[in-house]
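Asker: Just a sequence and a predicted model for now, questions to come.
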Amino acid sequence: MTNETVTEAPAPAADAPATRLQLPRVAPKVFKAVIALETAAAEGLDPVLAELVRIRASQLNGCAYCLHMHTSDARKAGESEERMHLVALWREAAHFFTAQEQAALALTEAVTLVAEGGVPDAVYARAAEHFEEPELAQLLGLILAINTWNRIAITSAKRAGTDERRP
């Protein structure tokens, strides 16, 4: 048995304001529009696949708030701890993920990191092989939505371990 200590999350940076803009309060129409995008995009997608996409985008964007939220949601949807631990290295652990999941994760990475080289034709073609056009559109919407949520949470300095969706 080890004597590990649990530490608190680091305090916000010294230059970060104590209270940041709360989008739902200040711009409720904008916030509701993002919720509507998320809801519409997730419609018809496999819930486990959707959580894998949200987890991977949140990892890439460094959004601890969303990563915590979506790993919790993935557990509730039946996802295993083992696969969640391997999402960040899904290429090296490809045998843990279906071909469709791999295509979705590759597309998630390309769209999330779009400034680093666009969305390569091969990545798009791979996704198109595994998703019918309407489902591919839903998947793209989901990727856009989680990237938006990541940016909202990071900019608003949301703290991992809290979930403002629940009272």
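Answerer: Everything's here; your move.
Asker: Skip the chain neighbours and tell me the closest residue to the residue nearest the centre of the chain.
Answerer: What sits nearest the mean C-alpha location of the chain, by CA atoms, centre = their mean, is R54, with 2.3 Å. Taking CB to CB, 6 or more residues apart in numbering, and ignoring the residues beside it in sequence, R54 has H70 as its nearest neighbour in space, at 4.1 Å. (Glycine included, C-beta is placed from N, CA and C.)
Asker: repeat for G117
Answerer: Nearest residue to G117, sequence neighbours excluded (CB to CB, 6+ apart): A110, at 7.8 Å.
Asker: Likewise for L86?
Answerer: A93 is the one closest to L86 (CB to CB, 6+ apart), at 4.2 Å.
Asker: distance of the one you found from H85?
Answerer: 9 Å (CB to CB, to the nearest Å).
Asker: same question, L45
Answerer: 22 Å.
Asker: Same question for A153.
Answerer: Distance from A153 to H85, by CB to CB: 22 Å.
Asker: now do A106
Answerer: 19 Å.
Asker: In this structure, what residue spans correspond to helices?
Answerer: Using DSSP state H, the helices of the chain run over residues 23-26, 28-42, 47-61, 64-76, 81-86, 99-112, 121-130, 133-155.
Asker: Out of those helices, the one nearest T162 is which?
Answerer: Shortest distance between T162 and those, using CB to CB, is found for helix 64-76: 7.3 Å.
Asker: quick one, the closest one and helix 47-61 angle?
Answerer: Angle of helix 64-76 versus helix 47-61, following axes from the mean of the first three to the mean of the last three CA atoms, to 10 degrees, is 160 degrees.
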